[in-house]
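Undergrad: Need the 3D shape of this:
(one chain, ligands or ions: 3)
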Amino acid sequence: MADKEAIEKMLDSQELDDREDMDGQNHPESILKSSKTMREIVVDDQKDSYSKILVPGSDREAFGSCPMIRDWANVGEYPSPLQATGNVSNFVSNHETVLVDIVAHKENETVSREFVRAGPREFIAFHPKTVKACIVTCGGLCPGLNTVVREIFFTLEKRYGVEEIYGIPYGYKGFHSKKLQIRKLTKRLVDTIHYKGGTFLGSSRGGHDTQLITDCIERYGFRHVYIIGGDGTHRGALKIYEEIRRRGLKVALVGVPKTIDNDVPLIDKSFGFDTAVEESQRAIRSAVVEAKSGIHGIGLVKLMGRHAGWICVYGTLSNRDVDICLVPEVPFELEGPRGLYQTIHDCIKAKGRCVIVVAEGAGMDHMQTGKEVERDPSGNVKLADIGLFLKAGINAWFSYNKIEVNLKYIDPTYMIRTVPPNGGDSLTCAILAQNAVHGAMAGFSGFSAGLINTHNVLIPIETLNNTKPKTIHEGSRMWQRVLDSTGQPSLRSH
Ligand SMILES: Nc1ncnc2c1ncn2[C@@H]1O[C@H](COP(=O)(O)OP(=O)(O)O)[C@@H](O)[C@H]1O
Ligand SMILES: O=P(O)(O)OC[C@H]1O[C@](O)(COP(=O)(O)O)[C@@H](O)[C@@H]1O
Ligand SMILES: [Mg+2]
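TA: Ligands and ions are numbered 1, 2, ... in the order given. Predicted coordinates:
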């Protein structure tokens, strides 16, 4: 039987669970059971080559649990329509968790954080016919946004039989701006959007208003709210989630973390990052070709990375012809015998050329002194252009020292985030989106879908927001790989 037919048949046979409209806490035991206290997973206590992993079950406020709507509103319990079309062994129990800290040492006990495992549940909290869902994309662009939107749509529509799915235009503003139109999404509208870069829904910075957004959610009767965005978006999402709880609304608020900078904490990698790195190769290769072809050629490439230099690091390590990599986390000096300019000079003397990759947030201590800080509508600090600054500084230094150089500056900033996702990122987007929907259908709320240690999890947004962004550490093996590949010195006199 076709998926759709099987789902329809199953849904038609289901009465609306009256718990959905009841007061009181009459919840199914199967879903409710709370976890034990300190749980010990002894991987193998016979062999001392295995480690003992302790999961701190007693402190499950932050880890190992995920908020559920039934904590503040009544929801029902229905057999999942996936029972009619899927393999039942694919269902995930609410008691399954994924460990975060998996590197162990046999001499020590490893205490790991854990998150609820994502995936389809055998029983769901919403009758799909009662679900009105909306999807919004916020903040900067990232390859794969459209793929996430499309997959949320099709998972809701095809797998669960949800009929009303809406697109919120241009980010948070779209919930309340009179100039913007919320529109119903259809298969025809979203069918081919994954082949394109950008976001079909539009995006924006600024415009977050917790009360107006929650009013809109209430007015439309949205039961699922899917919010795709980065750190700023998630700060905004947490406020909406708290307001939803305060008002006692039966709403699953779900995040999908997005950022080209790859600094979202806890998760393995953010979607679109690999595509951006791949796209950065075109710019870096051009810089290498230019540097190799000119007399004392210098290729300078500026890439994105406001507070974290992951694109530069991965771009550098992929290319392997880069001589100097500059990231926001690792300060460098310009002048002096170990400074940047002298290092470029040494590199040119040794190789006849020098290729430099710089993150937009690197070297800010050289530029923003004394100036008033400018902010974008979301409150992010507007950075001065380190690429242009270095271009001018390098040219001036060599000119002063009467050494001919040919510097070519390449700034592919927006080009690397506006392309469609590559194959791997497309798959990541699809799986994240599916798990966002499975989590919402199961009645979880206030979480973001993420991949940790290659396993899909539901991360409470509060935890995500309270965890430090993932940045590069100077003492790390990753930074050491950069130093090994480039051969660059510390660029500091101390
Ligand atoms: N602290 C905050 N509280 C509420 N909303 C916020 C907050 N920070 C950012 N936002 C909102 O989140 C949206 C996206 O934020 P932004 O920083 O531009 O992008 P990103 O989510 O990619 O980091 C914007 O609409 C912005 O107004
Ligand atoms: O010009 P815009 O749209 O503000 O975007 C620039 C910023 O967006 C980013 O690509 C990603 O930022 P977000 O993840 O916060 O959206 C940064 O690297 C960059 O500084
Ligand atoms: Mg951000």
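Undergrad: so which residue of the stretch 351-494 of the chain comes closest to ligand 3?
TA: Asn380 (6.2 Å; Cβ to the ion). For every residue, glycine as well, the C-beta is placed using N, CA and C.
Undergrad: so who does that residue touch?
TA: When contacts are counted by Cβ atoms under 8 Å, 6 or more residues apart in numbering, Asn380 touches 205, 232, 306.
Undergrad: Kindly report the same for Lys129.
TA: With Cβ under 8 Å, 6+ apart, Lys129 has these contacts: 11, 161-163.
Undergrad: what's the closest of those to ligand 2?
TA: Distance to ligand 2, by Cβ to the nearest ligand atom, is smallest for Val162 among these, at 28.5 Å.
Undergrad: The closest residue to that closest one other than its chain neighbours: neighbour count?
TA: Nearest residue to Val162, sequence neighbours excluded (Cβ to Cβ, 6 or more residues apart in numbering): Leu156, at 4.0 Å. Residues contacting Leu156 under the criterion other Cβ atoms under 10 Å number 27.
Undergrad: again with Trp72
TA: Applying other Cβ under 10 Å, we find 16 residues neighbouring Trp72.
Undergrad: Wait, it touches Gly248, no?
TA: Yes. Using Cβ atoms under 8 Å, Trp72 is in contact with Gly248, at 5.5 Å.
Undergrad: which secondary structure element contains Ala6?
TA: Element membership for Ala6, per DSSP states H and E: helix 3-12.
Undergrad: Please state the offset of that helix from the chain centre?
TA: 34 Å (Cα atoms, centre = their mean, to the nearest Å).
Undergrad: mind listing what's buried in it?
TA: Neighbour-count burial for helix 3-12 flags 6-8, 10-11 (criterion: 16 or more other Cβ atoms under 10 Å).
Undergrad: Go through stretch 73-93 and flag the buried ones.
TA: Buried, per 16+ other Cβ under 10 Å, within stretch 73-93: 73-78, 80-85, 91-92.
Undergrad: ok, so of the contacts of Lys129, who is nearest ligand 3?
TA: Of the contacts of Lys129, the one sitting nearest to ligand 3 (Cβ to the ion) turns out to be Val162, at 29.9 Å.
Undergrad: circling back: so which of the contacts of Asn380 reach ligand 2?
TA: Residues of the contacts of Asn380 in contact with ligand 2 (Cβ under 6 Å from any ligand atom): 232, 306.
Undergrad: and ligand 3, which of the contacts of Asn380 reach it?
TA: Contacts with ligand 3 within the contacts of Asn380, counted by Cβ under 5 Å from the ion: Gly232.
Undergrad: Can I get the contacts of Asn380 in CSV including neighbour count?
TA: Output for the contacts of Asn380, formatted as CSV (neighbours: other Cβ atoms under 10 Å):
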residue, neighbour count
Arg205, 19
Gly232, 20
Arg306, 18
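Undergrad: so can I have a markdown table of the contacts of Asn380 showing secondary structure, distance to ligand 1 and pLDDT?
TA: A markdown table is the format used below for the contacts of Asn380 (DSSP: H, G, I helix; E, B strand; the rest coil; distance: Cβ to the nearest ligand atom, whole Å; pLDDT from 0 to 100):
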| residue | secondary structure | distance to ligand 1 | pLDDT |
| --- | --- | --- | --- |
| Arg205 | coil | 4 | 97 |
| Gly232 | helix | 2 | 96 |
| Arg306 | coil | 9 | 94 |
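Undergrad: Could you let me know which of the contacts of Asn380 ends up closest to ligand 3?
TA: For the contacts of Asn380, the nearest to ligand 3 is Gly232 (4.7 Å; Cβ to the ion).
Undergrad: Quick check: the closest residue to the closest one other than its chain neighbours vs ligand 2, distance?
TA: Nearest non-adjacent residue to Gly232, counting by Cβ to Cβ, 6+ apart: Ser378, 4.8 Å away. Counting by Cβ to the nearest ligand atom, to the nearest Å, the gap from Ser378 to ligand 2 is 7 Å.
Undergrad: Mind telling me what element the residue of the stretch 1-150 of the chain found nearest ligand 2 is part of?
TA: Nearest residue of the stretch 1-150 of the chain to ligand 2 (Cβ to the nearest ligand atom) works out as Gly140 at 2.7 Å. Using DSSP H and E, Gly140 maps to neither a helix nor a strand.
Undergrad: Could you double-check that it sits in contact with Gly230?
TA: Yes. Contact criterion Cβ under 8 Å: Gly140 and Gly230 qualify, at 7.0 Å.
Undergrad: low-confidence ranges in the chain?
TA: Residue ranges of the chain with pLDDT under 70: 1-4, 17-64, 86, 368-370.
Undergrad: Output the contacting helices and strands for the longest helix seen in it.
TA: Longest helix in the chain, counting residues (DSSP state H): helix 273-293. If contacts are counted by 3 or more Cβ pairs under 8 Å, 6 or more residues apart in numbering; DSSP states H and E, helix 273-293 sits against strand 297-303, helix 310-319, strand 353-359, strand 406-410, helix 423-441.
Undergrad: Nearest approach to Ser485 belongs to which of those?
TA: helix 310-319 (5.8 Å; Cβ to Cβ).
Undergrad: Tell me the buried residues in the closest one?
TA: So, applying 16+ other Cβ under 10 Å, buried residues of helix 310-319: 310-317, 319.
Undergrad: Same check on stretch 206-220?
TA: Burial within stretch 206-220, assessed by neighbour count using 16+ other Cβ under 10 Å, is assigned to 207-210, 213-214, 216-217, 220.
Undergrad: For ligand 2, tell me whether that stretch is touching it.
TA: No. Using Cβ under 6 Å from any ligand atom, stretch 206-220 never reaches ligand 2; the gap is at least 10.6 Å.
Undergrad: can you give me how far that stretch is from the chain middle?
TA: 23 Å.
Undergrad: Residues contacting that stretch, please?
TA: Here stretch 206-220 makes contact (Cβ under 8 Å, 6+ apart) with 132, 134, 166, 171-173, 175-177, 182, 225, 236, 239-240, 243-244, 247, 249, 251, 376-378.
Undergrad: so Phe175 makes contact with Gly167?
TA: No. Using Cβ under 8 Å, Phe175 makes no contact with Gly167, being 11.6 Å away.
Undergrad: joint contacts of these two?
TA: In contact with both Phe175 and Gly167: 136, 182, using Cβ under 8 Å, 6+ apart.
Undergrad: Which residues of this protein lie near ligand 3?
TA: Going by Cβ under 5 Å from the ion, the residues of the chain near ligand 3 are 230-232.
Undergrad: What about the residue nearest to Gly309 when sequence neighbours are not counted, how many residues nearby?
TA: Leaving aside its chain neighbours, Gly309 sits nearest to Val327 (2.5 Å; criterion: Cβ to Cβ, 6+ apart). Residues lying near Val327 (other Cβ under 10 Å) number 28.
Undergrad: now do the one 4 residues further on
TA: As a burial measure, Pro331 scores 16 neighbours (other Cβ under 10 Å).
Undergrad: still on that earlier bit, switch the contacts of Asn380 over to a markdown table; also include distance to Ile431.
TA: Below are these laid out as a markdown table (distance: Cβ to Cβ, whole Å):
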| residue | distance to Ile431 |
| --- | --- |
| Arg205 | 28 |
| Gly232 | 24 |
| Arg306 | 27 |
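Undergrad: Identify each of the helices in the protein and give its residue range.
TA: 3-12, 29-32, 82-85, 145-154, 187-190, 210-220, 231-246, 273-293, 310-319, 340-351, 386-400, 423-441, 461-465, 477-486.
Undergrad: next one: phi and psi at the one residue in the chain that gets nearest to ligand 3?
TA: Here the residue of the chain nearest ligand 3 is Gly230; by Cβ to the ion that distance is 3.8 Å. Backbone geometry at Gly230, expressed as degrees, to the nearest 10, gives phi -100, psi -150.
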